[in-house]
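Student: give me coordinates for this.
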Amino acid sequence: MKYARCLLVPAALALAGCATLGRPDDPWWGPDKAQHFLAGVAVGAGATLVAHEEGAEDAEAMAWGLGATATIGAGSSAIMRHPPSR
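Tutor: Numbering: from 1, shown residues only. Got it, this is the predicted structure:
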């Protein structure tokens, strides 16, 4: 388990670079990125707090927060990349 944690940061950095490959005109430090970051922090903190209040230990609560943030972030990216037709 200790080695898996060591791989999380390099994996996250490698995958983060792929986020804007399809849209070179989208600035990496644009204002929408700050809004997405703050929304991710809020979702992660909220999910961590709820899990902790439900009796999860610290590490498990943080895993729930990370999972919620990753799920919502991936879903948001998928919707933005392929918006539903109206």
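
Student: the lowest-mean-pLDDT helix or strand in the chain: what's the following helix or strand?
Tutor: The least trusted helix or strand in the chain, going by mean pLDDT, DSSP states H and E, turns out to be helix 2-16, with a mean of 62. Following the chain from helix 2-16 toward its C-terminal end, the next helix or strand by DSSP states H and E is helix 31-53.

Student: packing partners of that following helix?
Tutor: If you count contacts as 3 or more Cβ pairs under 8 Å, 6 or more residues apart in numbering; DSSP states H and E, helix 31-53 packs onto helix 58-81. C-beta: built from backbone N, CA, C; applies to glycine.

Student: okay, the angle between the helix it packs on and helix 31-53?
Tutor: In terms of direction (axes from the mean of the first three to the mean of the last three Cα atoms, to 10 degrees), helix 58-81 departs from helix 31-53 by 150 degrees.

Student: for helix 58-81, give me every contacting residue.
Tutor: With Cβ atoms under 8 Å, 6 or more residues apart in numbering as the test, helix 58-81 has contacts from 19, 22, 36, 40, 43-52, 56.

Student: no further queries at this time; thank you.
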